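Participant: Sequence first, predicted model second:
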Amino acid sequence: MDFDIKKIRNDFQILSQQVYGKPLVYFDNAATTQKPQCVIDKITEFYQKYNANVHRGVHFMSAKCTEANENARNIVKNFINANHSHEIIFTHGTTESINLVASSFGDRFITKDDEIIISELEHHSNIVPWQLLCERKQAKIKVLPFNDKGELIIENLETLISKKTKLITLNHVSNSLGTINPIKKIIELAHSHNIPVFIDGAQGVQHQEVDVKELDCDFYAFSGHKIFAPTGTGVLYGKEKWLEQMPPYQGGGDMIDIVTFENTTYNELPFKFEAGTPNYVGNIAFGKALEYVNSIGIENIAKHEKELLDYGTKKISQIENLTIYGNAKNKTSVISFLINGIHPYDAGMILDKLGIAVRTGHHCTQPVMDHFNIPGTVRASFAFYNTTEEIDILYEGLLKVVKMFNS
Amino acid sequence: MDFDIKKIRNDFQILSQQVYGKPLVYFDNAATTQKPQCVIDKITEFYQKYNANVHRGVHFMSAKCTEANENARNIVKNFINANHSHEIIFTHGTTESINLVASSFGDRFITKDDEIIISELEHHSNIVPWQLLCERKQAKIKVLPFNDKGELIIENLETLISKKTKLITLNHVSNSLGTINPIKKIIELAHSHNIPVFIDGAQGVQHQEVDVKELDCDFYAFSGHKIFAPTGTGVLYGKEKWLEQMPPYQGGGDMIDIVTFENTTYNELPFKFEAGTPNYVGNIAFGKALEYVNSIGIENIAKHEKELLDYGTKKISQIENLTIYGNAKNKTSVISFLINGIHPYDAGMILDKLGIAVRTGHHCTQPVMDHFNIPGTVRASFAFYNTTEEIDILYEGLLKVVKMFNS
Amino acid sequence: MTIKNRQQEIIEEFEIYDDWMDKYSYLIELSKDLPIINDDAKKDENLINGCQSKVWLHADFDDGKIYFTADSDAIITKGIIALLVRVLSNSTPQEIIDADLHFINEIGLKENLSPTRSNGLLSMVKQMKLYAIAYKTKNLPCL
Amino acid sequence: MTIKNRQQEIIEEFEIYDDWMDKYSYLIELSKDLPIINDDAKKDENLINGCQSKVWLHADFDDGKIYFTADSDAIITKGIIALLVRVLSNSTPQEIIDADLHFINEIGLKENLSPTRSNGLLSMVKQMKLYAIAYKTKNLPCL
Ligand SMILES: Cc1ncc(COP(=O)(O)O)c(C=O)c1O
Ligand SMILES: Cc1ncc(COP(=O)(O)O)c(C=O)c1O
């Protein structure tokens, strides 16, 4: 299929907008992505035509929403090639997916003195829930470090693993450095020691094909809003064998079978983990977003983004005294950088005034910033709807920044 | 202000729809409500013009979304007359709000042999989280019963309270029977024993004025989707003094201050309890929904709904062998009923074919059904956009049901 | 009569009704023909819990064929069960396993067999096929 | 000069720039005039953590008036601090408490004082007013 960037940009009305009278350059895609018109339309359609609460409804609209919600689950299942659609739990985002596992898997399988290995590259969302768990259970966290290019030092993993290691958790792709981690290799190694692996895929699924069957990961989590779907949606994939053994996370409607004050029995998967009214309109639009990605083709997306990364890296490196943080061989379209002596906040403020949206700060990865001993970076993250022309605008903007602060 | 039902119905395009060629009669409002056009438009507007992740963003769109999200928090604060906007925690629904408190308040304040009093009228979402908590902590649940009219037997409360009672939890309004509980009285009594009170307001806020300051409740939870806002939104109100003392619930981005692998410190309220990317577009539209309710006037809503309830009760009672469950003196616009010998599912299926959407089953309140020793009911629940003409259609429909099954 | 023939028969019976109300009335009528499960078989193990309506199902195996009895507390559900039992009972396990139950669609009762209506019917069809698989395995000649 | 006069002065200074870039350049220029906090006062207790840029603030009280020194690791933040210090320093507690800092809006730097930009500036203004309240109370004549 042809990759027609003009046609694609027409699907995203927001991109042709002006900010402070300047054309918007949206390079904050790692924080959240824009939504194609078909996703927005899906939301409108359901609220205007079918909206009714799902499950157990005998009436037409309720059946319609239930069907569409389950259909979305099936789209997700196919998107990551899971074995069963009941292995797909709808959550409200990656953070909730991680907390669910930290709580339910943790309660069932983690006891005193057990160890969890976490990579040094993680987002706070993949650190804090495990810290809270370890506090509760008096268990320990061990850290798998990365080298100065931003690549995990896998050779260290074997020595970190002990008889007490109960889980390894890491992200597929680092949000602050863009590193694509060799998760397949890590999973193989972990499994050779019978250790399950949790993958935080928040920055993974939108950039490359993900096949959980082939990866053989035990869990894979991601957020809808980072893959062109509405806010308040997310997914937890878990192998049936784990989900079956885990106790429920939240209690409420729909996750139960029979309730009395003496005793309650739980519903089957996936509903055991979906307490309360789900964000069904969000989920339905989430399914539409994945269909949209499929229609563009994830390989086409990866190819275009690689071009943007290569072009951007080359271009931005031309700026004097600019350091790029994260130079892994294998990375997604994220460029994190600092210009010597210029605070990221100052750079961000000026770029903003030029219509360029970048993120500045620690990107919720303080340990990564600590590693480099910097307060934060300026991060430009590209999506498939971005162009090299926009990178040129960023380049010109950075020249202005340099001129303003270094004169 | 005038209450112009025709004008109001124009705000809800879905209501003028046909189902199986019949005009839709939507009487499933206790399950979820329809969204006025201004709420749908708000979602579209933000996705088409401003969408960017909130907090910490230096750029224009991020500031715009953060501002709108915090403005929505302020609207909620004013809507329920809380003291501070940081007492308003955005969740994804009532169920999550309850689980948050059961977990965080529970971990901090509930220990072995403590007691929690729950009313017999509760939705599963206000039973199961406390059961899970009590299992973890070896604490006990005590049940405050209701009489055959569906009214709580408050006289029993005093005898249920003991030195070990750590919390009383009940709903403002019963979703299956419509009973409006005398929460102010219960809160007063509880406070005279120094016991905090949690109010599940899922069926409360959309029908009457709620003033948490005047009620003096310690917690009040409700869902956006039941008050004309999008799915995947919800609120937990908590008194500052409790929220300050409670440990965080989920871990993740935005809820932290400083993260290292050794130690993590938490952000201030309300962010301590809002881990991960919030459903900010949902929250913003939630704010719009409350503004819409304000523009109609909650007293006008209550008045119109009372008329519907009275008209509906009188009309439906004319059907032979029909029993209404829930005859509290003080109730919202919910009519739960059974026609002798006809299974609720059978009635629901036929009504559906006539374009009438009602809910059938146990309505996630199995203990209430057990009380009456029935498998479930047919529940017609009215919102302010419903009409007496629609009730007439339901009446005619029920006559058809009777004819079909009793001949 | 084969499963296919029996489905055809039902489709023809329903063809004379073009109004859904008449169809449902006929369904209610048919519910009375259901070979009702014995009281002693109406126990929890035979209960298929479909959230809203209860369905009991029992299977007997005799001379290579399966015979179903069933019941439900909801009449519409019962009517459809009656149809399903009429179509599938008195068949060999293999016939039941292979059966494609298209008639439900064709007589216009599709919504009753959707996984989104929690009436237990879909679980019942699954259960009927599971019985067939169980009896087929049991009945294999010893090798 | 009163707080009001000082604000007016700044507004006039900025009027000659109609381009935001020139305004920011001037702001960067002004950052150099900030009375920098002493190294020994640049400690954690004086740190206002604004997520992205750090702000240190110190207050001295002398002869009925408050004098501020401050610093930040981000230059734009520092420039605005310089303006705030220039406006508020050398004033009585009551004057600071009553001050309505409208100039930030009028010179077109509003976005920098929005609660949604986590640069610590808003917290700093709050902190300056808190110092004023503290000193005012401390300074009350014994009754
Ligand atoms: C009284 C009551 N509590 C709690 C809930 C759960 O709300 P949600 O499903 O939106 O989390 C409901 C909704 O059915 C309810 O009616
Ligand atoms: C690697 C990674 N993990 C987890 C998260 C948290 O995702 P969310 O905020 O959608 O829950 C993010 C988002 O910033 C991320 O980049």
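Facilitator: Received the coordinates, thanks. Numbering: from 1, shown residues only, chains lettered A, B, ... in the order given. Ligands and ions are numbered 1, 2, ... in the order given.
Participant: where's the residue nearest in space to the middle of chain A relative to B:Gly282, distance?
Facilitator: Closest residue to the average C-alpha location of chain A: A:Ala202 at 1.0 Å, with C-alpha atoms, centre = their mean. A:Ala202 is 19 Å from B:Gly282, where distance means C-beta to C-beta, to the nearest Å. C-beta coordinates here come from the backbone N, C-alpha and C atoms, glycine included.
Participant: Name the residues of stretch A:211-225 that are buried.
Facilitator: A:Val212, A:Leu215, A:Cys217, A:Asp218, A:Phe219, A:Tyr220, A:Ala221, A:Phe222, A:Ser223, A:Gly224, A:His225 (16 or more other C-beta atoms under 10 Å in any protein chain shown).
Participant: got a list of what the residue nearest to the centre of chain A touches?
Facilitator: Contacts for A:Ala202 (C-beta atoms under 8 Å, 6 or more residues apart in numbering or on different chains) come out as A:Thr94, A:His123, A:Ser125, A:Asn171, A:Asn175, A:Ala221, A:Phe222, A:Ser223, A:Lys226.
Participant: and it, that one's in a helix?
Facilitator: No: secondary structure of A:Ala202, determined by DSSP: H, G, I helix; E, B strand; the rest coil: coil, with no helix assignment.
Participant: From B:Leu269, how far off is the nearest residue to it once chain neighbours are set aside?
Facilitator: Closest residue in space to A:Ala202, ignoring its immediate chain neighbours: A:Thr94 at 4.2 Å, by C-beta to C-beta, 6 or more residues apart in numbering or on different chains. According to C-beta to C-beta, A:Thr94 stands 23 Å off from B:Leu269.
Participant: Have a look at the two and say which one is more surrounded.
Facilitator: The neighbour comparison of A:Thr94 against B:Leu269 (other C-beta atoms under 10 Å in any protein chain shown) goes to A:Thr94, with 29 against 19.
Participant: what does the model give that one for pLDDT?
Facilitator: The model reports A:Thr94 with a pLDDT of 98.
Participant: right, and it touches A:Phe222 too?
Facilitator: Yes: with contact defined as C-beta atoms under 8 Å, A:Thr94 reaches A:Phe222; the gap is 5.8 Å.
Participant: so what's A:Ala357 closest to, chain neighbours aside?
Facilitator: Closest to A:Ala357 by C-beta to C-beta, 6+ apart is B:His59, at 3.9 Å.
Participant: Next, count neighbours for that neighbour.
Facilitator: Neighbourhood size, B:His59 [other C-beta under 10 Å]: 28.
Participant: and what of the one 3 residues further on?
Facilitator: In terms of burial, B:Ser62 registers 25 neighbours under the definition other C-beta under 10 Å.
Participant: contacting residues for the closest residue to it other than its chain neighbours?
Facilitator: For B:Ser62, ignoring the flanking residues on the chain, the nearest one in space by C-beta to C-beta, 6+ apart is B:Ala52 at 4.2 Å. Counting by C-beta under 8 Å, 6+ apart, B:Ala52 touches A:Tyr26, A:Asp28, A:Ala31, A:Thr32, A:Ala357, B:His59, B:Met61, B:Ser62, B:Lys64, B:Cys65.
Participant: what mean pLDDT would you report for the longest helix seen in chain C?
Facilitator: Longest helix in chain C by number of residues (criterion: DSSP state H): helix C:121-138. On average, the pLDDT along helix C:121-138 is 85.
Participant: quick one: low-confidence ranges for chain C?
Facilitator: C:49-51, C:113-119, C:139-143 (pLDDT under 70).
Participant: What ranges does it have for its helices?
Facilitator: C:3-15, C:20-31, C:75-88, C:93-98, C:103-106, C:121-138.
Participant: which secondary structure elements does the second one contact?
Facilitator: Helices and strands in packing contact with helix C:20-31 are listed as helix B:344-353, helix B:388-405, helix C:3-15, helix C:75-88; criterion 3 or more C-beta pairs under 8 Å, 6 or more residues apart in numbering or on different chains; DSSP states H and E.
Participant: nearest residue to A:Ser16 other than its sequence neighbours?
Facilitator: A:Arg9 (7.0 Å).
Participant: Tell me which residues touch that neighbour, please.
Facilitator: A:Arg9 touches A:Leu15, A:Ser16, A:Tyr385, counting by C-beta under 8 Å, 6+ apart.
Participant: Which pLDDT value does the model give the last one?
Facilitator: Residue-level confidence at A:Tyr385 comes out at 98, pLDDT.
Participant: low-scoring stretches of chain A, by residue?
Facilitator: A:1, A:407.
Participant: Just the angle for whichever strand in chain C runs longest relative to helix C:75-88, thanks.
Facilitator: Secondary structure of chain C per DSSP state E: the longest strand is strand C:53-62. Strand C:53-62 runs at 20 degrees relative to helix C:75-88, counting by axes from the mean of the first three to the mean of the last three C-alpha atoms, to 10 degrees.
Participant: Return the list of strands paired to strand C:53-62, each annotated with direction.
Facilitator: With DSSP bridges as the test, strand C:53-62 is paired with strand C:47-50 (antiparallel), strand C:65-72 (antiparallel).
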